[in-house]
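Colleague: sequence? don't have it. structure:
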């Protein structure tokens, strides 16, 4: 089964990314996590995301374009990256979610993916 | 009476007697879910009525009579299978009779309930959750969190397990002498799973999720009381008490992870170590060795450091050999490799690690491997193993600890 691991990070985590003192440990943890997923043979893909203030949100209410600076959701934790993994079941996916560096201070959402779109 | 006091009284009664009431009702109806419903309705009614009418003298008896009424009601309305209805009625009468004057007169059937929960027909992964729910009355959401399972999935598994108990007609009985040891092992394993939910660390370094530790120790104590001639129950109790004794030493003042061998022994709980030693001595006196006694003996050897100032790794290695012969699990084999390394050097330990199967996602293997490679001066390989261990760690304090070790490689 394919699952997506959505890593929501708290504001401190996003600040850590650019703090010269704490940055190396931050990235080392993510690299190690991605490496462990790869070595275990479950990693299908994934990306880290630039911080939420780099986001732009587009809506078309009643056909009228509406463009906003910032992320869609106005919450403390913001999406910081994602992984797609292939594991036998949800229990195993949750084991991997708990190891994600964002789990301790942020939140990890785990969802099964839908089957790929048929190719035209 | 204020609602707060009524609620507190109901909760006290619930904690003290939930398992006994449920076991008593379920043992007669064989319908765990039906008994749970009847009891939870009784508790709900108590919370409604007690603030107005006062808390009864014997809350447990009151709850039993109320649950009895609910069971009869369910039977009349066909919510309980016809075959079970008569049994339920008898159970309810028996319960009411017993509860008349002395609330403690009804028999303690919790041991039967524990054996049901760990019955071979019940999936292994649901045995510990089932015990926690039925004997201790923990809710499914809390159990799900401790076992890192989705709450909805945990709820379904518990429902299925209870349906299986009812539909398969699993007997509410303590197994006879010829079956007892094997069946008891499954009960003890489930209790240990509750203690170690989330803790996969064979060297006794650090239980990360300790939510259920107290509950598991309570269950082990219950079994030791109910089956005083079973050495493995005492072994399990000793094992968990030894681990629990070290809780205050597992973190430094700054929250940093402290491995077992570097823990300040003065921070270990003496009363708990003494209780563990008493349990282990009681087990030894029964002259039937088993895996939990061996594990407890390993922890007892570690505890000796508080007295002698040193760790007898040769003794620990011998105990691990004995344990690995019975139970060659990844956890035991990693612990054995650590002991071999301490006794005979890191190269010997590394060779022993090769015996550990399926290690791709097993954090302790990589943490130990990294440490042994570091001590052998194989820096690049050590660094790779540390990275792997860090990527598999759940606890940020452990991640930091391993990161510092890796960085110190230079």
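Modeller: Received it, and whenever you're ready, just let me know what you need. From a predicted model like this one, the values you see are computed outputs, not experimental measurements. Numbering: from 1, shown residues only, chains lettered A, B, ... in the order given.
Colleague: Secondary structure element holding whichever residue of chain A sits closest to chain B?
Modeller: Proximity of chain A to chain B (C-beta to the nearest C-beta) peaks at residue A:36, 2.8 Å away. C-beta here means a position set from N, CA and C on the backbone, and glycine is covered the same way. Under the criterion of DSSP states H and E, residue A:36 resides in helix A:23-39.
Colleague: which outside residues touch that helix?
Modeller: For helix A:23-39, the surrounding residues in contact (C-beta atoms under 8 Å, 6 or more residues apart in numbering or on different chains) are A:13, A:16-17, A:43, A:46, A:48, A:81, A:83, A:85, A:96, A:99-101, B:360-361, B:387-388, B:390-392, B:399-400, B:403.
Colleague: Likewise for stretch A:104-114?
Modeller: A:1-10, A:12-13, A:77, A:80, A:84, A:90, A:93-94, A:97-98, A:100, A:102, B:395-396.
Colleague: surely residue B:135 meets residue B:21?
Modeller: No: checked against C-beta atoms under 8 Å, the pair residue B:135 and residue B:21 is beyond contact range at 10.9 Å.
Colleague: Which one's more surrounded, the two?
Modeller: Set residue B:135 next to residue B:21 and count neighbours by other C-beta atoms under 10 Å in any protein chain shown: residue B:21 wins out with 27 against 22.
Colleague: Give the next helix or strand downstream of the helix or strand containing that one.
Modeller: For residue B:21, the element it lies in under DSSP H and E is helix B:3-29. In the C-terminal direction, the helix or strand that comes right after helix B:3-29 (DSSP H and E) is helix B:32-53.
Colleague: helices or strands next to that next one in the packing?
Modeller: Here helix B:32-53 touches helix B:3-29, helix B:59-76, helix B:151-167, going by 3 or more C-beta pairs under 8 Å, 6 or more residues apart in numbering or on different chains; DSSP states H and E.
Colleague: Residue B:107 is nearest to which of the ones you listed?
Modeller: Ranking the helices and strands packed on helix B:32-53 by proximity to residue B:107 (C-beta to C-beta) places helix B:3-29 first, at 7.0 Å.
Colleague: and the closest one with helix B:151-167, angle?
Modeller: 40 degrees (axes from the mean of the first three to the mean of the last three C-alpha atoms, to 10 degrees).
Colleague: helices or strands up against helix B:3-29?
Modeller: helix B:32-53, helix B:59-76, helix B:82-99, helix B:110-117, helix B:124-134.
Colleague: show me what contacts whichever residue of the stretch 51-200 of chain B sits closest to chain A?
Modeller: Among the residues of the stretch 51-200 of chain B, residue B:148 lies nearest to chain A; the distance is 5.1 Å by C-beta to the nearest C-beta. Going by C-beta under 8 Å, 6+ apart, residue B:148 touches A:91, A:94, A:95, A:98, B:197, B:198.
Colleague: In a helix, it, correct?
Modeller: No: per DSSP: H, G, I helix; E, B strand; the rest coil, residue B:148 lies outside any helix segment and is coil.
Colleague: Roughly how far does it sit from residue B:224?
Modeller: From residue B:148 over to residue B:224 the distance is 29 Å, taken as C-beta to C-beta, to the nearest Å.
Colleague: how about the strands of chain A, start to end?
Modeller: Using DSSP state E, the strands of chain A run over A:2-9, A:43-48, A:56-59, A:66-69, A:78-86, A:107-112.
Colleague: got the ones you listed as TSV, with distance to residue B:184 and mean neighbour count columns?
Modeller: Formatted as TSV, the strands of chain A follow (distance: least, C-beta to C-beta, whole Å; neighbours: other C-beta atoms under 10 Å in any protein chain shown):
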stretch	distance to residue B:184	mean neighbour count
strand A:2-9	38	22
strand A:43-48	42	13
strand A:56-59	60	10
strand A:66-69	63	10
strand A:78-86	39	19
strand A:107-112	37	15
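Colleague: Distance to residue B:17 and mean pLDDT added to those, as TSV?
Modeller: Shown next, in TSV, are those (distance: least, C-beta to C-beta, whole Å; pLDDT from 0 to 100):
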stretch	distance to residue B:17	mean pLDDT
strand A:2-9	42	98
strand A:43-48	50	97
strand A:56-59	55	96
strand A:66-69	57	94
strand A:78-86	45	98
strand A:107-112	37	97
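Colleague: Tell me the residues on chain A that lie near chain B, please.
Modeller: When proximity is defined by C-beta under 8 Å from any C-beta of the partner chain, chain A lies next to chain B at A:25, A:28-29, A:31-37, A:39-41, A:90-91, A:94-96, A:98-99, A:101, A:103-104.
Colleague: Can you flag the buried ones in these?
Modeller: A:28-29, A:32-37, A:39-40, A:90, A:94-96, A:98-99, A:101, A:103 (16 or more other C-beta atoms under 10 Å in any protein chain shown).
Colleague: Now do residue B:336 against residue B:313, distance only.
Modeller: Looking at residue B:336 against residue B:313, where the rule is C-beta to C-beta, the gap reads 11 Å.
Colleague: Between those two, tell me which one has more neighbours.
Modeller: Under the neighbour definition other C-beta under 10 Å, residue B:336 and residue B:313 were set side by side, and residue B:336 has more, 26 against 19.
Colleague: List of residues touching the helix or strand harbouring that one?
Modeller: According to DSSP H and E, residue B:336 maps onto helix B:330-344. With C-beta under 8 Å, 6+ apart as the test, helix B:330-344 has contacts from B:200-203, B:298, B:311, B:313-314, B:316-317, B:319-321, B:323-324, B:348-350, B:352-353, B:355-359, B:362, B:364-365, B:368, B:372, B:375.
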